[in-house]
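1. build the 3D model from these lines:
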Amino acid sequence: MGAIYEVGPDTYQPTNFAKTLTIQRYADAYPCMTDCINSGILAFPQWVKKNGYQAPTDGKNSAIWMDHGFYPVQERLAAGLDISAPLLVDVGGSTGHDLQEFRRKHPEVQGKFVLQDLPEVIEKAKLLVSTEIEAMEHDFFKEQPIKGARAYYMHSILHDWPDNKCKEILTNLAQAMKPGYSKVLINENVIPDMNADWQTTSLDFIMMTLFASQERTARQWQALVESAGLKIVNIITAEKGVESLIDIRKRISNDYSIFKLALAVLRGPKTGRRFALIISQLPKII
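-> The predicted model follows:
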């Protein structure tokens, strides 16, 4: 296990791994592994046999980013910021560790930061986050109260839920977004279509077993996002591994918006103004 190492005759010292187990938030993971995850996996064969070998789709009926070189924050998040609206809303952000890290890495980025989670989590978060971060009680299955933010961020949220529940979450965000300005940033795994490693596929199996949810490929993410009236404009994946940042925008009617606009303008009078009109409308469409 690598928990201790020998430093002399009959003398031992804990490794960093053993020291980690003395920290409560890490130590709690091991009872979760034995009492929750392992028990669910052991129960899964009998459950799936009983249900005709169909993958679960209901969590109640189952066996139980932002480094400078990774995502260009100034270019894609801070540029063109509307200071009257929040810069970043961390949806389901727990006690605010991601927002705190963002503030540490990007102190030059000014704007309003909002942390959202359930009441019992926010109560704890208020004791931990800086005064620059607003801690707000919110259930992401309900209407998003923050309208027109520059970015709505979710970290490892959607892999906890089946597609129908994810669609609800994304639809609530889509309705709050300002077209041509707001974006959704999803920090999740994007599984390759071929040669996925065993750690990734085993996590997919665990999520299916315990929560009727899943890890997703790029095609599965695209289908899910589009079902909520949104579109993926970019997927940035870490050099090693599958952790990714999925950049999402609000779809404007359909993919033919630019073509329809150009066609309508070109059919009209005053050729000199046609091109200028098309260009002026592009930020609202893209």
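2. and the average pLDDT for the host helix or strand of residue 44 is what?
-> Element membership for residue 44 (DSSP states H and E) is helix 38-50. Helix 38-50 comes out with an average pLDDT of 73.
3. would you map the helices across the protein?
-> Taking DSSP state H as the criterion, the chain contains helices spanning 16-20, 24-27, 29-31, 38-50, 73, 97-105, 119-125, 163-176, 198-211, 218-227, 257-266, 271-285.
4. tell me which of the ones you listed lies nearest to residue 148.
-> helix 163-176 (7.2 Å; Cβ to Cβ). All C-beta atoms are positioned from the backbone trio N, CA, C, and that covers glycine.
5. and the closest one, what's buried?
-> 163, 165-167, 169-170, 172-174, 176 (16 or more other Cβ atoms under 10 Å).
6. which one of the residues you listed is nearest to residue 246?
-> Nearest to residue 246 out of those is residue 170 (Cβ to Cβ; 11.1 Å).
7. follow-up on the earlier one: make JSON lines from the helices of the chain and add distance to residue 239 to it.
-> Listed next are the helices of the chain as JSON lines, based on distance: least, Cβ to Cβ, whole Å:
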{"stretch": "helix 16-20", "distance to residue 239": "25"}
{"stretch": "helix 24-27", "distance to residue 239": "26"}
{"stretch": "helix 29-31", "distance to residue 239": "26"}
{"stretch": "helix 38-50", "distance to residue 239": "31"}
{"stretch": "helix 73", "distance to residue 239": "18"}
{"stretch": "helix 97-105", "distance to residue 239": "18"}
{"stretch": "helix 119-125", "distance to residue 239": "32"}
{"stretch": "helix 163-176", "distance to residue 239": "27"}
{"stretch": "helix 198-211", "distance to residue 239": "16"}
{"stretch": "helix 218-227", "distance to residue 239": "17"}
{"stretch": "helix 257-266", "distance to residue 239": "33"}
{"stretch": "helix 271-285", "distance to residue 239": "32"}
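8. from start to finish, how long is stretch 108-119 in a straight line?
-> Chord length of stretch 108-119, first to last residue, is 30 Å (Cα to Cα, to the nearest Å).
9. please state the offset of it from the chain centre?
-> Averaging C-alpha positions (Cα atoms, centre = their mean, to the nearest Å) puts stretch 108-119 15 Å from its chain's average.
10. leaving out the residues flanking it, which one is nearest to residue 149?
-> Among residues not flanking residue 149 along the chain, residue 86 sits closest, at 4.3 Å (Cβ to Cβ, 6 or more residues apart in numbering).
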